[in-house]
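1. 3D model of this:
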Amino acid sequence: MSEALFDGRLAVIQRVLPSYRAPFFEMLAGACSGGLTLLAGQPRPDEAIDAVDAIRGVNLIRLQNRHLFKGPAYLCIQRGLEAALRQANPDALIVEANPRYLSTPPALRWMKRQNRPVIGWGLGAGGGALAFLRRSFLMQFDALLTYSQTGAAGYAAAGFNPARIFVAPNAAAGRPRQALPQRAPGFSGRPVVLFVGRLQTRKRLDLLLQACAALPEALQPRLVIVGDGPARPEVESAVQSFYPSAELAGAQHGPALEPYFRQADLFVLPGTGGLAVQQAMSWGLPVIAAEADGTQADLVRAENGWQVQPSSLDSLTAALSDALGDAARLRQMGAASYRIVAEEINLESMTAAFIKALQAVRSHS
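-> Next comes the predicted model:
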């Protein structure tokens with residue numbers, strides 16, 4: 001984006017700055033006339049997050065994260081936040097709409113004293129025993145950004161003005177630059193099932209291996225797992241236990257990933273997380289993904305894939321059987337995947353939604 005669409009200085013507060021977000025923030029910075037400042041801390045060592053220390057065209061100010069507790073009781077304090085805000089002096093601020101980050105309310109108050117707008121960015125309102133507190137927290141924002149229609153509906157149900165809720169599709173890549181790969185109508189040998197991502201327990205590769213093994217022999221695919229991470233030893237053990245023919249290709253990045261996407265027939269994300277889904281779709285691959293936080297709902301549809309129940313071996317096995325039983329249909333679904341990321345869900349669309357939200361709050365501030 002060469003033309004600035006937000007006339008001012010933007011600051012974004014992140015608990016951590018994962019590498020997969022770098023292309024988005026670079027694009028967002030190019031759409032702000034006054035530039036973009038990111039304020040972010042470091043993850044805990046056990047989080048296995050690939051964080052970045054620099055993004056082209058972005059001013060990065062490091063905060064000191066103090067992590068309190070773990071699991072459902074997790075809280076975070078970001079030291080140095082108010083001083084960093086004064087340094088950045090933004091005309092608008094975007095923060096994660098997560099009440100577990102205890103430094104966010106003081107940042108909100110600082111911006112309000114300057115009579116400048118703040119946008120919350122999150123998955124949705126959530127429920128449970130703390131729903132009332134979350135609603136009170138949300139009502140402090142001038143607008144809300146969320147990844148999906150599911151998240152938008154949750155915020156509206158919590159009482160937030162629907163006119164101030166903006167859906168920014170969760171994307172990790174821009175519109176495809178390559179043409180839709182042309183694949184043969186039928187499989188050439190065994191169908192190729194691909195996984196790309198960090199090797200973490202929550203990705204549930206054990207389920208994928210078991211599901212492949214549970215298929216009839218005629219449908220059992222060539223399974224290729226691309227990635228590395230803290231769970232590699234347990235993944236290697238699961239391969240030997242459940243599906244010894246699976247191939248562990250290690251970490252691959254950039255152009256080195258292209259051959260894996262081109263040779264695949266189906267992309268599978270058996271657990272949570274994984275923005276590689278969008279990248280796989282840009283190579284014309286249909287997708288099987290576990291239903292998680294709703295962010296996949298707009299991306300994986302009946303026309304281009306299957307959403308399966310999380311942690312359900314039966315659901316995943318049934319989807320694999322259905323997918324691999326009809327090669328011609330898979331090709332049609334792959335073409336639908338390509339169209340979705342070319343026309344709807346990409347970094348350009350995500351950036352445009354952020355700019356639309358920023359323009360809306362500036363016009364009412």
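2. wait, isn't residue 85 in contact with residue 39?
-> Yes - under the criterion of C-beta atoms under 8 Å, residue 85 makes contact with residue 39 at 7.4 Å. All C-beta spots, glycine's among them, are computed from the backbone N, C-alpha and C.
3. overlap of the contact sets of the two?
-> Here residue 85 and residue 39 have residue 11 as joint contacts, going by C-beta atoms under 8 Å, 6 or more residues apart in numbering.
4. more neighbours: the two, which one.
-> A count of neighbours by other C-beta atoms under 10 Å puts residue 39 above the other of residue 85 and residue 39, at 26 against 21.
5. residue ranges with poor pLDDT in this structure?
-> Low-confidence regions of the chain, defined by pLDDT under 70, span residues 1-4, 126-133, 274, 292-295, 364-365.
6. domain map for it?
-> The domain map for the chain lists 10-171+346-363, 192-343, with the assignment taken from automatic domain parsing.
7. what's the distance between residue 151 and residue 206?
-> Residue 151 is 29 Å from residue 206, where distance means C-beta to C-beta, to the nearest Å.
8. compare these two (neighbour count), which wins?
-> Counting neighbours by other C-beta under 10 Å for residue 151 and for residue 206 shows that residue 151 has the greater number, 27 against 21.
9. pretty sure that one is in a strand, no?
-> No - secondary structure assignment places residue 151 outside any strand; it is helix (DSSP: H, G, I helix; E, B strand; the rest coil).
10. hmm, residue 122 and it touching each other?
-> Yes - between residue 151 and residue 122 there is a contact at 7.1 Å, judged by C-beta under 8 Å.
11. can you give me the strands in the stretch 251-365 of the chain?
-> Assigned strands in the stretch 251-365 of the chain, in chain order: 266-269, 287-290, 305-308 (criterion: DSSP state E, counting those that start in this stretch).
12. highest mean neighbour count out of those strands?
-> Among the strands of the stretch 251-365 of the chain, ranked by average contacts under mean count of other C-beta atoms under 10 Å, first place goes to strand 266-269 (a mean of 28).
13. quick one: list the elements packing against that strand.
-> Secondary-structure packing of strand 266-269 (3 or more C-beta pairs under 8 Å, 6 or more residues apart in numbering; DSSP states H and E): strand 192-196, helix 276-282, strand 287-290, helix 313-324.
14. in stretch 155-164, what counts as buried?
-> Using 16 or more other C-beta atoms under 10 Å as the burial criterion, the residues of stretch 155-164 that qualify are 155-156, 158, 160, 164.
15. ok, and what's touching that stretch?
-> With C-beta under 8 Å, 6+ apart as the criterion, stretch 155-164 contacts 124-125, 131, 134-135, 138-139, 141-144, 146, 152, 165, 360-361.
16. do the same with stretch 234-243
-> Against stretch 234-243 from outside (C-beta under 8 Å, 6+ apart): 199, 201, 205-206, 209-210, 212-213, 223, 225, 246, 248.
17. one more: stretch 94-108?
-> Contacts of stretch 94-108 (C-beta under 8 Å, 6+ apart): 10-15, 74-79, 81-82, 85, 93, 118-122, 130, 133-134, 137-138, 140-141, 144-145, 354, 358.
18. list the buried residues of it.
-> Of the residues in stretch 94-108, 94-99, 101, 103-104, 107-108 count as buried by neighbour count, 16+ other C-beta under 10 Å.
19. repeat that for stretch 56-70.
-> Taking 16+ other C-beta under 10 Å as the basis for neighbour counts, the residues of stretch 56-70 that come out buried are 58, 60-61, 63, 65, 67.
20. of these, which is the nearest to residue 340?
-> residue 58 (28.1 Å; C-beta to C-beta).
21. about what we covered before: now, the most widely separated pair of the buried residues of stretch 155-164?
-> When the buried residues of stretch 155-164 are compared pair by pair using C-beta to C-beta, the farthest-apart members prove to be 158 and 164, with a separation of 12.4 Å.
22. adding distance to residue 232, write the buried residues of stretch 56-70 out as JSON lines.
-> Rendered in JSON lines, the data for these read as follows (distance: C-beta to C-beta, whole Å):
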{"residue": "58", "distance to residue 232": "31"}
{"residue": "60", "distance to residue 232": "30"}
{"residue": "61", "distance to residue 232": "34"}
{"residue": "63", "distance to residue 232": "31"}
{"residue": "65", "distance to residue 232": "26"}
{"residue": "67", "distance to residue 232": "24"}
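23. circling back to that earlier point, reformat the buried residues of stretch 94-108 as JSON lines; add distance to residue 327 and secondary structure.
-> Compiled in JSON lines, those are given as follows (distance: C-beta to C-beta, whole Å; DSSP: H, G, I helix; E, B strand; the rest coil):
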{"residue": "94", "distance to residue 327": "44", "secondary structure": "strand"}
{"residue": "95", "distance to residue 327": "47", "secondary structure": "strand"}
{"residue": "96", "distance to residue 327": "42", "secondary structure": "strand"}
{"residue": "97", "distance to residue 327": "43", "secondary structure": "coil"}
{"residue": "98", "distance to residue 327": "43", "secondary structure": "coil"}
{"residue": "99", "distance to residue 327": "48", "secondary structure": "coil"}
{"residue": "101", "distance to residue 327": "47", "secondary structure": "strand"}
{"residue": "103", "distance to residue 327": "52", "secondary structure": "coil"}
{"residue": "104", "distance to residue 327": "50", "secondary structure": "helix"}
{"residue": "107", "distance to residue 327": "53", "secondary structure": "helix"}
{"residue": "108", "distance to residue 327": "53", "secondary structure": "helix"}
